[in-house]
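# Need a 3D model of the sequence below.
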Amino acid sequence: MALTPHVFDEKTDRIVAVTLDPNTITSIDPDEVHEWRIAIYDLVENNKLHPARVASTGPYALHISIIANYIVLDVRNPDTYEPIAAHYLSLTPFRRLIRDYFRIRDSYYDAIKTASTMQIETVDMARRGLHNEAAELLRTRLDNKLEMDLNTARRLFTLICAVQPFASRIDERESNLPTVLFVCSMNSVRSPIAAALARRFFPGRLIVRSAGVRSGKADGFVHEVMEEIGIDMSVHTPHTMDELVANRFDLVVTLSADAQEAVAVRALETEAVEHWPLPDPAAAEGNREAVLSAYRGLRDTLQKRVRERLEPLVAGGSQTGRVPV
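Down below sits the predicted model:
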């Protein structure tokens, strides 16, 4: 099938940021996270992509999540993270290719260690052939949805392979796991830190979401102080409450005054709502170290508070054991 032709603008038709949904793509293994980072770096470094059938001008941010048997490619504004276009891509047609990708990848690594130059070249040829086949399939499946060149499709397929084995297949509509929502002003600092800590402390034992009252931006200081404790926050994309799919939570925690007001007027089904009035370190004044100290203070406070509050929840306790505010 002939693909829809597209002439790419090198300045605007490109991805400048890639983030991963921490609710559906999960791993605490540093080697696995490192593989994600390499695949993301390669994709961002050299790509051509344009969302079709929408009036938008790039560059773009790409947010990736996995829901059931679909990988969701969510194109957003890289500054505001406002949604531009989202496409569900079935993984079924790629199952054989993903399986062969890992088989050939392992063969290639083994060949580098012990094989002759000719054997290495043979395996490498098979590897490149597989990438080309997968890239063509990816472009065909996304034709007239997300336009990309062959090299971009190759790199995107590599990233899909890197994250797909670590996808969480929990169906929130059927799961009995406790559900928690953290809300702050812009989902840039307080609520994503709290959610990331909850996932770190209780992996696979609860479902955690975070959101903002309004749209925000990724915060570099958050990335830095969370990296210090081994949590990669570069995968975070700010979301607003309007983007929430679920409407019911066992516990909702608001972390700013405007979040408390927004939750109060929103028709959320919840067992408990708590307000933790924590200062926004983004408002801290002083030099870089002073600002970092404010972010670390928030992180450390939330580490203690999140663990203490959620332990009885994941243990099957009631919502009544609230932490005093």
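# the strands in the chain, which residues?
In the chain, the strands defined using DSSP state E lie at 15-20, 49-51, 60-67, 70-76, 83-90, 146-148, 179-184, 207-212, 248-254, 269-275.
# Please name whichever of those is nearest to residue 262.
Closest of the strands of the chain to residue 262 is strand 179-184, at 7.0 Å (criterion: CB to CB). Placement of C-beta: from N, CA and C, glycine included.
# Just checking the distance from the helix-or-strand element of the chain with minimal mean pLDDT to the centre of its chain.
Scoring the helices and strands of the chain by mean pLDDT, DSSP states H and E places helix 95-114 at the bottom, with a mean of 76. Relative to its parent chain, helix 95-114 has a centroid offset of 26 Å by CA atoms, centre = their mean, to the nearest Å.
# Repeat that for stretch 245-261.
20 Å.
# tell me the mean pLDDT for it?
Averaged over stretch 245-261, pLDDT sits at 91.
# Kindly export that stretch (C-alpha atoms) in CSV.
Written as CSV, here are the backbone C-alpha positions of stretch 245-261 (Å, rounded to 0.1, in the frame of the first residue of the first chain):
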residue,chain,number,x,y,z
VAL,A,245,-10.1,8.7,32.7
ALA,A,246,-11.0,7.3,36.1
ASN,A,247,-13.6,9.1,38.3
ARG,A,248,-13.4,7.0,41.4
PHE,A,249,-10.5,6.8,43.9
ASP,A,250,-10.1,5.3,47.4
LEU,A,251,-8.1,8.4,48.4
VAL,A,252,-7.6,11.8,46.9
VAL,A,253,-4.8,14.0,48.3
THR,A,254,-4.7,17.7,47.4
LEU,A,255,-1.4,19.5,47.8
SER,A,256,-2.3,23.1,47.0
ALA,A,257,-5.2,25.5,47.9
ASP,A,258,-6.5,25.7,44.4
ALA,A,259,-6.4,21.9,44.1
GLN,A,260,-8.5,21.6,47.3
GLU,A,261,-11.1,23.9,45.8
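# And it, what's buried?
Neighbour-count burial for stretch 245-261, counted by 16 or more other CB atoms under 10 Å, picks out 249, 250, 251, 252, 253, 254, 255, 256, 259, 260.
# Reformat the residues you listed as JSON lines; add distance to residue 237.
Compiled in JSON lines, those are given as follows (distance: CB to CB, whole Å):
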{"residue": "249", "distance to residue 237": "20"}
{"residue": "250", "distance to residue 237": "24"}
{"residue": "251", "distance to residue 237": "23"}
{"residue": "252", "distance to residue 237": "20"}
{"residue": "253", "distance to residue 237": "20"}
{"residue": "254", "distance to residue 237": "20"}
{"residue": "255", "distance to residue 237": "18"}
{"residue": "256", "distance to residue 237": "19"}
{"residue": "259", "distance to residue 237": "18"}
{"residue": "260", "distance to residue 237": "23"}
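# Report all helices and strands that the least confident helix or strand of the chain contacts.
helix 117-141, helix 150-163 (3 or more CB pairs under 8 Å, 6 or more residues apart in numbering; DSSP states H and E).
# Any buried residues in it, and which?
For helix 95-114, by 16+ other CB under 10 Å, it's 97, 98, 100, 101, 104, 107, 111.
# sorry, back to before: of the strands of the chain, which stretch is the most buried?
Mean neighbours per residue, mean count of other CB atoms under 10 Å, is largest over the strands of the chain for strand 179-184, with a mean of 26.
# Can you list the strands that it pairs with?
Strands that pair with strand 179-184, judged by DSSP bridges, come out as strand 207-212 (parallel), strand 248-254 (parallel).
# Tell me which of the helices and strands packed on helix 95-114 sits nearest to residue 231.
The closest of the helices and strands packed on helix 95-114 to residue 231 is helix 150-163. By CB to CB, the value is 16.9 Å.
# just for the stretch 151-300 of the chain, where's the confidence low?
For the stretch 151-300 of the chain, the stretches flagged by pLDDT under 70 are 165-175, 235.
# returning to that earlier point: now the strands paired with strand 179-184 in TSV, with distance to residue 229?
Converted to TSV, those look like this (distance: least, CB to CB, whole Å):
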stretch	distance to residue 229
strand 207-212	17
strand 248-254	20
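# Tell me the predicted confidence for residue 319.
pLDDT recorded at residue 319 is 44.
# actually residue 3, not the one I typed
On pLDDT, residue 3 comes in at 60.
# Of all the strands paired with strand 179-184, which one comes closest to residue 268?
Of all the strands paired with strand 179-184, the one in closest proximity to residue 268, counting by CB to CB, is strand 248-254 (6.2 Å).
# Give me the contacts around the closest one.
Where contact means CB atoms under 8 Å, 6 or more residues apart in numbering, the residues beyond strand 248-254 that reach it are 178-184, 194, 209, 260, 262-263, 268-276, 309-310, 313, 319.
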